[in-house]
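> Sequence first, predicted coordinates after that:
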Amino acid sequence: MNALALILALFAPHPALKPSIQYTLRVDSADLSGWTVEIRLRTTSETIRLAMAAHPEYDDRYWRYVRDFASETPGATVTRVDSAVWQIVAPVGVVNVRYRIALPPAEPGLRAAWRPYLTPTGGLIGGPHAFMYVLGAEDSSVLVTLDLPPSWAIATGLTATRDPHTFTAANAGALVDAPILAGLLRRWSFVEGPATHHVVYWPLPDAKPFDTLAFVSGIRAMVHQTIALFGRAPYRDYTFQFEDGAFGGGLEHRNSVTLGVQSAELARNPNAVIPETAHEFFHTWNLLTIKPIEYREIDYRTQPPVASLWFSEGLTMFYADLLQRRAGIPVRDSTRTAHLERLIGSYLANPAYARFSAESISQVAYNAQPGELGDYSASTHQQGELLGTMLDIIIRNRTNGHRSMDDVMRRLFDQALPPDPLSLRARGNAGVRIDGRVIEQAVESVCGCDVTPFFDAHVRHAAVIDFDRYLAMIGLTTSVTSGPATYNGEPERDLRMWGFESARDTTLRLVVNNPASIWGRAGLHSRDRLVGINGAPVRTWPELRAKLQALRLGDTVRVQVQRASGPFETTVIVAGFERPTVRIERLPNATVAQRRLAEAAIF
């Protein structure tokens, strides 16, 4: 037996242990309240368990909307053994299962781009909102057939077959991580790196026309820069799924992304959604391939806290901005200097960063109730982007400009996705997972320097970043002034408080963003249950938001809340607040070498 045959034999799955799994998803144009899923299994065991997967970031708990779960196999019995798990006991052989997903009522406002929907002209289906998976057979390949209205086209990251309505997935993880956009779609394609990329747009019936050539060209330029950074893509085929009428957020997947767009915004600026698109696309590398050590492949249980999201999200923010600039796409801040000035100003205005480490903020970013940081709010995206920027400066300084954060990203990508395609086919993405130590080691291997003090101070513990210390390495310094916060030239009201509707008791609870805000100084605390404002009951976040937005400087507000210790009432006088302004300036003694480093970092 030659070496290749031996490797194939060692890693080849045993076919007798892998049941055949076939799915059929049906959408009836006469009933758009949901869809029906049929599963056909060929089993070697009398007991089968099916579960609905929990997404690691947004677990929408769609097991709540499963209806009419049943098996059509003679002699089969069905039991629900957990909120998200069903058990079927049936004779060994072919087992048929059927259930329906009854979509929940639409929430007010714009829909989240990753949440499913159905309309007469199309919808978003599939993924963890539709497909259950077989516990114990997570590595089994599956076949998916879509029975949809005849006029609907299909766009998905699932693997196509000769039948345009039938797809395959290599395993359960790939199945639930590939949402399906279907309907009256517009589609464009291009090749980069050398993967094929599809840009798919589902328009509302009254969609505004926009420059589609500029729209697709901007996406292609961003894709080109991203693949140029890493040298290769972790996929062969990629699909951008744009949904008109959803808000601008998105959700990354292994070889696709769902994104909300507003056609009116695209009519004004064809590149309006490039910032969000760049962010979610970069996650294909930095999160889904360079994967946190805590991430599971697929699970029906809630994802445990992830300590390295400051890197997965923050460095993704860093590159979403940088790669657009490299691609020549106009961005919000005219220069990288202006961008950094704005970020540092926001960072210095928030006392949370002096109180909580990057890892502790990361651990409450997903799947945690608001208010986990008490009367503080912090962004792992912003904190991580600034940490990544300082690390980039350290690397450039220590290597005389020969290396940068680009080299760290490539190193981590190569560790996570080894270039041996045979091992990937056999074992899946079995490369190195990241945590703080792995990231630290990657930085040190690139710069040949000791960054343990940096990681100890800012990643594992809480210390305010000394920006001038690092900017001085490239001949720069900050000038920080403080003054009344303004918006569009007018004094800004202190509205640093918001509310969330708790699933535990269906009441509206407060989140105080800053204990120094007018709300914090008045004695209010995060997770206080809001009873009313000025004697009027307030039950939802939109109601509270409307009342806050109606306030004017000098207004007096009575706030009534309920706590475990009893009722509490306080009076708040609406006022403004102070905000720091940051300017980055060149040091008068900056050397030529330092100026070159700053220019290379696009400051």
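That came through, no problem.

> For the residue minimising distance to the centre of the chain, which residues are in contact?
For the chain, the residue nearest the mean C-alpha position is residue 251 (5.1 Å; CA atoms, centre = their mean). Listed by CB atoms under 8 Å, 6 or more residues apart in numbering, the contact set of residue 251 reads 57-58, 113-114, 257-258, 280. In this view, the C-beta of every residue, glycine as well, is placed from N, C-alpha and C.

> Can I take it that it is in a helix?
No: for residue 251, which was evaluated using DSSP: H, G, I helix; E, B strand; the rest coil, the result is strand, with no helix membership.

> And it, what's its pLDDT?
With respect to pLDDT, residue 251 scores 94.

> what does residue 335 give?
At residue 335, the predicted lDDT confidence score is 92.

> Over to residue 391?
Confidence at residue 391, expressed as pLDDT, is 98.

> same thing with residue 58?
Residue 58 is assigned a pLDDT of 89 by the prediction.

> for residue 256, what are its contacts?
If you count contacts by CB under 8 Å, 6+ apart, residue 256 has them with 156-157, 178-179, 238-241.

> and it, what are its bridge partners?
According to DSSP bridges, the partner residues bridging residue 256 are residue 239.

> Apart from its neighbours in sequence, what residue is nearest residue 287?
In space, not counting the residues next to it along the chain, residue 287 is nearest to residue 312; the distance is 4.4 Å by CB to CB, 6 or more residues apart in numbering.

> burial count for that neighbour?
Applying the criterion other CB atoms under 10 Å, we find 24 residues in the vicinity of residue 312.

> Confirm that it sits in a strand.
No: the assignment for residue 312, made by three-state DSSP, is helix rather than a strand.

> What are the boundaries of the helices in the stretch 501-603 of the chain?
Using DSSP state H, counting those that start in this stretch, the helices assigned to the stretch 501-603 of the chain run over residues 518-521, 541-550, 592-600.

> And the stretch 151-300 of the chain, by the same measure?
Ranges of helices within the stretch 151-300 of the chain are 172-176, 212-230, 263-268, 274-282, based on DSSP H, counting those that start in this stretch.

> same question, the stretch 1-150 of the chain
With DSSP H, counting those that start in this stretch applied, the stretch 1-150 of the chain shows helices at 3-11, listed in chain order.

> ok, now which ones touch the residue nearest to residue 600 when sequence neighbours are not counted?
If the residues on either side of it in the chain are set aside, residue 600 comes closest to residue 401, at 5.4 Å by CB to CB, 6+ apart. By CB under 8 Å, 6+ apart, the contact list for residue 401 reads 593, 596-597, 600.

> Before we move on, what's the pLDDT of residue 401?
The per-residue pLDDT reported for residue 401 equals 97.

> Repeat that for residue 53.
Per-residue confidence (pLDDT) for residue 53: 97.

> how many neighbours does it have?
Counted with other CB under 10 Å, the burial measure for residue 53 works out to 27 neighbours.

> can you check residue 282 too?
As a burial measure, residue 282 scores 24 neighbours (other CB under 10 Å).

> Secondary structure element for residue 396, which one?
Taking DSSP states H and E as the criterion, the element that holds residue 396 is helix 380-398.

> And that helix, what does it pack against?
With contacts defined as 3 or more CB pairs under 8 Å, 6 or more residues apart in numbering; DSSP states H and E, the secondary structure elements packing on helix 380-398 are helix 309-326, helix 336-348, helix 358-362, helix 405-416, helix 436-447, helix 452-454, helix 467-471, helix 592-600.

> Kindly write the ChimeraX command that selects the buried subset of the contacts of residue 251.
Buried subset of the contacts of residue 251, written as a ChimeraX selection, criterion 16 or more other CB atoms under 10 Å:
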select :57,113,114,257,258,280
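
> that older thread, pull the CA atoms of the helix holding residue 396 into PDB?
Coordinates of the C-alpha atoms in helix 380-398 are reproduced here as PDB (Å, rounded to 0.1, in the frame of the first residue of the first chain):
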ATOM      1  CA  THR A 380     -15.100  44.200  22.800                       C
ATOM      2  CA  HIS A 381     -15.000  45.400  19.200                       C
ATOM      3  CA  GLN A 382     -13.600  48.900  20.100                       C
ATOM      4  CA  GLN A 383     -11.300  47.700  22.800                       C
ATOM      5  CA  GLY A 384      -9.900  44.900  20.600                       C
ATOM      6  CA  GLU A 385      -9.400  47.200  17.600                       C
ATOM      7  CA  LEU A 386      -7.300  49.600  19.700                       C
ATOM      8  CA  LEU A 387      -5.300  46.700  21.200                       C
ATOM      9  CA  GLY A 388      -4.700  45.400  17.700                       C
ATOM     10  CA  THR A 389      -3.600  48.900  16.500                       C
ATOM     11  CA  MET A 390      -1.000  49.200  19.400                       C
ATOM     12  CA  LEU A 391       0.300  45.700  18.700                       C
ATOM     13  CA  ASP A 392       0.700  46.600  15.000                       C
ATOM     14  CA  ILE A 393       2.800  49.600  16.000                       C
ATOM     15  CA  ILE A 394       4.900  47.500  18.400                       C
ATOM     16  CA  ILE A 395       5.600  45.000  15.600                       C
ATOM     17  CA  ARG A 396       6.500  47.700  13.000                       C
ATOM     18  CA  ASN A 397       8.800  49.400  15.500                       C
ATOM     19  CA  ARG A 398      10.600  46.200  16.500                       C
END
